[in-house]
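Peer 1: sharing a sequence plus its predicted fold:
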Amino acid sequence: MSFDASGRYDGGYTEGAPGHDPYPGQDAYAGQEAYAGQWAQAGQGQDVYAAPEQGAHSGPGTYAEPGPYSAPARYGDGDRYAGAGASPAQTAVTEPEAAPQAGPRAVAVEAGEGTASEAASEETPRDAKGGRLAAVATFLVPTALAFAMILRGFGDRELWRDEHATWWAASLSFHDLSMLIRSIDVVFTPYYVFMHCWIALAGDSPSAMRVPGAVAMAVSAGLLALLGRRLFTTQVGVLAGLALAVLPLTTRYGQEIRPYPFAVALVLLSTLLLARALDQPSFRVWVAYTLSVPLIGWSHLASLAVLGAHLVMVLQKRRAGDKIVGWAYTAALILGMCFVMPMAVSGSGQSGQIAWNNPGFKDLVDFPENLFGSWAVAVPVMALGLVGLCFAGRTALPLAVWIVLPPVATYLTAAQLHLFLPRYLLFTAPAWVLLTAVAVERLAGPVAGARAGSGGAVRRGFGWVLAAAAVAGLAFQSLPGIRAAHHNAVGEPDFRGAARIVQAQQRKGDGIVFSGVLQERRAMAYELRDDAGRPHDVLMYRTPQQRGSYDAAECPRPASCLAKSDRLWLVSTTLDGQPFSGMPKATATVIQKDFRIVRTRKLDYLQLVLLERTRAATEGTSHDDAANRKVHL
């Protein structure tokens with residue numbers, strides 16, 4: 001659908017039925033030569049507008065004085081205008097739906113194909129357009145609701161380990177970041193650079209770092225509404241946008257410092273641009289779509305799977321008779337992918353960092369629950385989505401490819417690419433929601449085809465009532481998932497609580513050590529980042545910056561590195577409950593020999609142990625500077 005109040009009449013197709021000419025007779029008039037002769041008498045280059053209700057005329061009458069807006073008049077000498085063998089009733093002249101921008105023209109529709117008014121009514125846009133104001137309202141209402149859902153408890157939830165990785169990488173200098181991406185996470189380089197600039201501007205508190213993702217996720221709801229408005233009707237678009245706003249996934253990922261909300265927003269933006277380019281082709285729109293392709297890949301490589309749905313949209317348009325669209329799409333795809341391929345090739349050599357992700361059949365079965373946040377939400381959305389496919393018209397195939405191709409492709413290639421994760425495939429959820437909106441709104445009338453959105457005021461009102469009821473019901477089903485999204489991620493240790501205890505009871509010269517495999521060092525570095533008197537990381541021998549990694553190198557001579565510390569804080573996330581089982585055996589032996597446990601605090605998935613030295617360090621033990629190294633800021 002257009003953002004304008006009415007489509008410009010320039011001799012092209014109406015937006016309501018792309019690829020079909022609603023004025024099949026406008027380029028070949030019956031008795032064309034005689035018709036042209038009359039225009040010459042009226043004045044060169046000047047057309048005559050007839051009143052919409054004029055219809056087909058026969059019988060005597062006078063020819064109206066030519067002018068840009070002639071008063072209704074009757075045509076005399078009907079045979080002269082209709083051409084040989086045609087009666088006056090076979091030709092009707094009517095006014096186009098919208099005033100032309102340049103050079104008015106007359107349009108004729110043969111009687112065998114219906115009157116001009118009937119032809120126009122058959123091919124009117126699918127939905128009544130309210131112009132730019134309606135488009136802005138369609139975008140803003142779902143966006144505002146999504147913001148309201150995301151901002152509740154915005155800074156309460158703790159960061160989890162992937163968010164700690166974002167903070168770590170984004171807080172590095174550009175030199176250190178360049179060293180990091182040579183060995184790991186090169187595919188997130190654009191996001192980390194963006195977050196580096198954002199943190200420099202807004203700070204690194206949880207709320208500050210979550211703002212960009214919250215904006216992207218909220219905007220996604222508005223973009224989905226605009227996409228639904230263009231592909232179907234305004235009611236479908238608004239319902240889809242509001243439904244996405246109340247889903248648990250919107251709240252969760254809108255409060256997460258990762259690139260997945262950007263992937264969703266950019267996939268929707270790119271699809272919207274392509275839909276507009278296919279309906280109203282222009283060089284500017286195709287350039288915008290071309291620029292959106294690398295943005296999709298830069299947000300997350302898995303998101304490029306949506307290009308399969310884009311290809312289907314282009315092939316459908318080409319099959320409808322548009323021969324140029326194939327070349328335009330090919331050029332856009334090639335140019336866009338030129339900016340993504342170097343990063344993708346480099347990232348293919350770093351897939352070992354997610355080699356742990358080897359999904360099985362159970363992961364495939366649990367995919368809907370993990371994608372939508374709960375089975376209570378996934379079941380109705382996907383069930384209605386399948387129903388919506390039956391009423392989506394020719395848009396059904398691209399949407400089916402959008403929701404099926406990414407999970408199937410990533411699951412089948414999981415052993416090589418390890419990309420089958422619900423959060424990597426978050427961009428497929430809006431397509432499900434859009435199909436759900438189609439199914440609901442179909443009860444109120446057609447949502448696809450030439451008569452989409454047609455019906456009386458009562459029927460349209462019924463559609464809005466259905467939309468409101470559907471959003472309310474979905475919000476009710478989403479409440480448990482939304483509450484869960486406001487709490488710490490399942491299995492994530494309470495590092496914030498541990499940091500508060502350390503800050504309250506620490507002494508000058510304390511050291512801190514770690515046991516486990518959940519990136520305890522990085523998490524505590526974040527939680528203690530503003531504490532100038534924080535304990536020293538006495539076992540960090542080489543910093544992550546020096547290694548070009550997220551992890552530090554542990555001290556190879558633990559007795560020497562621990563010699564200057566009289567008290568140690570041990571942060572342990574071991575699953576067996578043994579605080580020393582998650583560290584190197586040599587290190588655990590030295591600590592247990594030279595220190596005694598003073599106090600143990602058990603938090604969620606974490607033990608915080610305070611130890612004090614029991615005897616002086618062995619004489620003659622050399623000291624290196626590892627004990628003086630500080631936690632990275």
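Peer 2: That came in fine, so what should we check first? Numbering: from 1, shown residues only.

Peer 1: start and end of stretch 274-289, how far apart?
Peer 2: For stretch 274-289, the first-to-last residue distance is 6 Å (C-alpha to C-alpha, to the nearest Å).

Peer 1: for it, buried residues please.
Peer 2: 274-281, 285-286, 288-289 (16 or more other C-beta atoms under 10 Å). C-betas here are computed from N, CA, C, even on glycine.

Peer 1: and it, how far out from the chain's middle?
Peer 2: Here stretch 274-289 is found 19 Å from its chain centre; the criterion is C-alpha atoms, centre = their mean, to the nearest Å.

Peer 1: next one: stretch 222-234
Peer 2: Taking C-alpha atoms, centre = their mean, one finds stretch 222-234 lying 14 Å from the centre of the chain it belongs to.

Peer 1: grab the CA positions of that stretch and hand them over as CSV.
Peer 2: What follows is stretch 222-234, C-alpha atoms only, in CSV (Å, rounded to 0.1, in the frame of the first residue of the first chain):
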residue,chain,number,x,y,z
GLY,A,222,5.8,-0.9,13.5
LEU,A,223,7.6,-2.2,10.4
LEU,A,224,5.6,-5.4,10.5
ALA,A,225,2.4,-3.3,10.6
LEU,A,226,3.5,-1.4,7.5
LEU,A,227,4.4,-4.6,5.7
GLY,A,228,1.0,-6.1,6.6
ARG,A,229,-0.7,-2.9,5.4
ARG,A,230,1.1,-3.0,2.0
LEU,A,231,0.7,-6.8,1.4
PHE,A,232,-2.9,-7.1,2.8
THR,A,233,-5.0,-4.4,4.6
THR,A,234,-4.5,-1.8,7.3
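
Peer 1: wait, isn't Leu172 in contact with Leu180?
Peer 2: Yes. Counting by C-beta atoms under 8 Å, Leu180 is a contact partner of Leu172 at 6.5 Å.

Peer 1: the more surrounded of these two?
Peer 2: Leu180 (23 against 19; other C-beta atoms under 10 Å).

Peer 1: which residue packs closest to that one, ignoring adjacent ones?
Peer 2: Gly548 (5.6 Å; C-beta to C-beta, 6 or more residues apart in numbering).

Peer 1: burial count for that neighbour?
Peer 2: Applying other C-beta under 10 Å, we find 15 residues neighbouring Gly548.

Peer 1: now do the contacts for it.
Peer 2: 179-180, 182-184 (C-beta atoms under 8 Å, 6 or more residues apart in numbering).

Peer 1: before we move on, the earlier item: among the buried residues of stretch 274-289, which are in helices?
Peer 2: 274-279, 285-286, 288-289 (DSSP state H).

Peer 1: which of those sit farthest apart?
Peer 2: For these, the farthest-apart pair by C-beta to C-beta is Asp279 and Ala288; their separation is 14.0 Å.

Peer 1: give me the common contacts of the two.
Peer 2: Counting by C-beta under 8 Å, 6+ apart, nothing touches both Asp279 and Ala288.

Peer 1: just how off-centre is the helix ranked longest in the chain within its chain?
Peer 2: Identified as the longest helix of the chain according to DSSP H is helix 457-485. Computed by C-alpha atoms, centre = their mean, the chain-centroid distance of helix 457-485 equals 21 Å.

Peer 1: which strands and helices sit next to it?
Peer 2: Counting contacts by 3 or more C-beta pairs under 8 Å, 6 or more residues apart in numbering; DSSP states H and E, helix 457-485 packs against helix 234-245, helix 248-254, helix 375-391, helix 429-442.

Peer 1: strands of the chain, start to end?
Peer 2: Secondary structure of the chain, counting by DSSP state E: strands at 91-94, 107-110, 511-515, 536-537, 540-542, 553-554, 567-572, 595-603, 606-613.

Peer 1: contacts for the third one, please.
Peer 2: Strand 511-515 is touched from outside by 502, 520-521, 524, 534-539, 562, 564-565, 567-574, 579-583, 587-588, 591, 627, 631, with contacts defined as C-beta under 8 Å, 6+ apart.

Peer 1: at 6 Å instead, please
Peer 2: With contact meaning C-beta atoms under 6 Å, 6 or more residues apart in numbering, strand 511-515 is reached by 520-521, 535-539, 565, 568-572, 574, 579, 582-583.

Peer 1: in it, which residues are buried?
Peer 2: Quick answer for strand 511-515 (16+ other C-beta under 10 Å): 511-515.

Peer 1: tell me the confidence at the closest residue to Cys338 other than its chain neighbours?
Peer 2: Nearest non-adjacent residue to Cys338, counting by C-beta to C-beta, 6+ apart: Pro294, 8.0 Å away. On pLDDT, Pro294 comes in at 96.

Peer 1: I'd say Pro294 and Pro342 touch.
Peer 2: No. The pair Pro294 / Pro342 is not scored as a contact, 10.6 Å apart, by C-beta atoms under 6 Å.

Peer 1: compare these two (neighbour count), which wins?
Peer 2: Each of Pro294 and Pro342 has its neighbours counted (other C-beta under 10 Å); Pro294 has more, 20 against 10.

Peer 1: residues in contact with that one?
Peer 2: Contacts of Pro294 by C-beta under 6 Å, 6+ apart are 336, 339-340.

Peer 1: mind giving me the PyMOL select for these, buried ones only?
Peer 2: If you want just the buried ones from the contacts of Pro294 in PyMOL, going by 16+ other C-beta under 10 Å, the selection is:
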select buried, resi 336+339+340
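
Peer 1: in helices, which of the contacts of Pro294 fall?
Peer 2: Reading helices off those with DSSP H, I get Gly336.

Peer 1: relative to Leu539, how far out is the residue nearest to the spatial centre of the chain?
Peer 2: Geometric centre of the chain, nearest residue: Val264, 1.4 Å, by C-alpha atoms, centre = their mean. Val264 sits 40 Å away from Leu539, going by C-beta to C-beta, to the nearest Å.

Peer 1: isn't the residue nearest to the centre of the chain right up against Ala429?
Peer 2: No. The criterion here is C-beta under 6 Å, and Val264 misses it with Ala429 at 7.5 Å.

Peer 1: neighbours of Val517, how many?
Peer 2: For Val517, the count of nearby residues is 10 (other C-beta under 10 Å).

Peer 1: ok, now the one 3 residues further on?
Peer 2: For Glu520, the count of nearby residues is 24 (other C-beta under 10 Å).

Peer 1: and the gap between the residue lying closest to it once chain neighbours are set aside and Met179?
Peer 2: In space, Glu520 comes closest to Phe514 once its chain neighbours are excluded; the distance is 4.1 Å by C-beta to C-beta, 6+ apart. According to C-beta to C-beta, Phe514 and Met179 sit 23 Å apart.

Peer 1: what's the span of stretch 315-332, first residue to last?
Peer 2: Distance between the boundary residues of stretch 315-332 (C-alpha to C-alpha) amounts to 15 Å.

Peer 1: in it, what counts as buried?
Peer 2: 316-318, 322, 325, 328-329, 332.

Peer 1: tell me which of those residues fall in helices.
Peer 2: 316-318, 325, 328-329, 332.

Peer 1: which of the residues you listed lies closest to Ala165?
Peer 2: Taking C-beta to C-beta as the measure, Ala165 lies nearest Ala332 of those, at 33.0 Å.

Peer 1: residues contacting the closest one?
Peer 2: 286, 289-290 are the contacts of Ala332 under C-beta under 6 Å, 6+ apart.

Peer 1: nearest to Val211 among those?
Peer 2: Closest to Val211, out of all of the contacts of Ala332 and judged by C-beta to C-beta, is Tyr289, at 27.5 Å.

Peer 1: correct me, but that closest one touches Ala277?
Peer 2: Yes. Contact criterion C-beta under 6 Å: Tyr289 and Ala277 qualify, at 5.4 Å.
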